[in-house]
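Enquirer: the following block contains a protein sequence and its predicted model.
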Amino acid sequence: MNAYVRFSEDLEVEQPDEDAKIRDIVELLAATNRATFESVRHAKRDTHAKGQGFVKGTLTVVDDLPPELAQSLFAGPGRYPVVIRLATEPGAMLDDRQPAARGLAMKVFGVPGDKMAGDGRTTHDFLFNNCPILPLAEVTTYREIQALRAHYVDDPDGLADAIAARDDAELQTLFERLPNIHLLGNAYYSQSAFRYGDYVVKYGLFPNTDAQRALAEREIDADDPPGVLTEWLRDYLAAAEAGFDFRVQLQTDPRTMPIEDASVDWDQRASPYRTVARLHIPAQDPFTPERRVYSEDILSFDPWAGRADLRPLGSINRVRAKAYRASSTFRHRMNARAEHEPEHIDEIPD
């Protein structure tokens, strides 16, 4: 039987000069945001800029979970409305035919418990990516890569050459080699570690229907249109429903399953992903004009905006605590849109 690591505050270790590096990252991201705004006259997210779908669904907690899984939001039976934004990872509006990481952000409604934001919200945000690790790794690497992105903001070839010259070039270009498939055919991962009540985990979402799993067999090719991912999503959800298993991977060894290095893939043989809830997405139109505008210009997702006993861990997430808030503030100010945290799923447009 596995011995799962119990959460304690001393599991996290602040990195050398971390605060200064985080300030640098926030300033570099702000410079990139300003450059993007000047090019298109509309403020975008500094990551996951291109939204490809926005859907409603339901997250249902599995009954009779064992004690190590019955934690926090998942401690007992529950059925929660959710809203999900599917998007491409870079801050640029990439052609869908270009391989890149795809993201899934999920906001859960009606969530009880103490929240990190302390603002009375009743929601919790989970953020996922279709790669199980994050090449940015930790705060030092994040700062180095973001400095290159800011320097070569208008020179993608120069950025590619600069990254290719790094010792970790293969890692930093990993997203460019991910399978370029239907958004509903991907598995999605938290990449970094999170508190999970009394324990520490990484999260994952895994397609749980045969029809979805079959979508992974078809890769995008040069003959597909530049917005093919949205087209495929709309076609699929016009007549069919989708589903994912929400799973957690419990930490069993702080050394081989580090919190402070998000580029390390935790060994599933030592601790497999285990299902704690199921996500159901009914048939719907995921890209109505009203939903698109609401998701792009009004709504925000923030891993630091949910339950305190599910809080993010590691230096990557300590960067996000400052970077996400700064980026959201800039985006809403420049687009003259008041940020709004919905209290009920009915506030999400159809």
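Expert: Now that the structure is in, tell me what you want to look at. Nothing here was measured: the structure is a model prediction, and the numbers come from that model.
Enquirer: which residues touch Gly57?
Expert: For Gly57, the contact set (C-beta atoms under 8 Å, 6 or more residues apart in numbering) comprises 81-84, 279-282. Every C-beta, even on glycine, is put in place using the N, C-alpha and C of the backbone.
Enquirer: right, and the helix or strand after the top strand by length along the chain?
Expert: Taking DSSP state E as the criterion, the chain has its longest strand at strand 50-61. Toward the C-terminal end, the helix or strand that comes next after strand 50-61 (DSSP states H and E) is strand 79-88.
Enquirer: quick one, that following strand and strand 50-61 angle?
Expert: Interaxial angle of strand 79-88 relative to strand 50-61 (axes from the mean of the first three to the mean of the last three C-alpha atoms, to 10 degrees): 160 degrees.
Enquirer: run the chain-centre distance for the helix or strand following strand 79-88.
Expert: Per DSSP H and E, strand 79-88 leads on to strand 102-109 as the next helix or strand towards the C-terminus. Computed by C-alpha atoms, centre = their mean, to the nearest Å, the chain-centroid distance of strand 102-109 equals 7 Å.
Enquirer: pLDDT of strand 102-109, averaged?
Expert: On average, the pLDDT along strand 102-109 is 98.
Enquirer: next: stretch 304-311.
Expert: 95.
Enquirer: number the chain from 7, please
Expert: Okay, using 7 as the starting number, the last item reads as stretch 310-317.
Enquirer: distance between it and the chain's centre?
Expert: For stretch 310-317, the distance to the chain centre is 15 Å (C-alpha atoms, centre = their mean).
Enquirer: average pLDDT across the longest strand of the chain?
Expert: For strand 56-67, the per-residue pLDDT averages 97.
Enquirer: please list only the buried members of the contacts of Gly63.
Expert: The neighbour-count test (16 or more other C-beta atoms under 10 Å) applied to those identifies 87-90, 285, 287 as buried.
Enquirer: quick one on the thing from earlier: quick one: which of the contacts of Gly63 is nearest Tyr205?
Expert: Leu285 (21.4 Å; C-beta to C-beta).
Enquirer: can you pull the contacts of the closest one?
Expert: For Leu285, the contacting residues are 63-66, 88, 112, 211, 249-252, by C-beta under 8 Å, 6+ apart.
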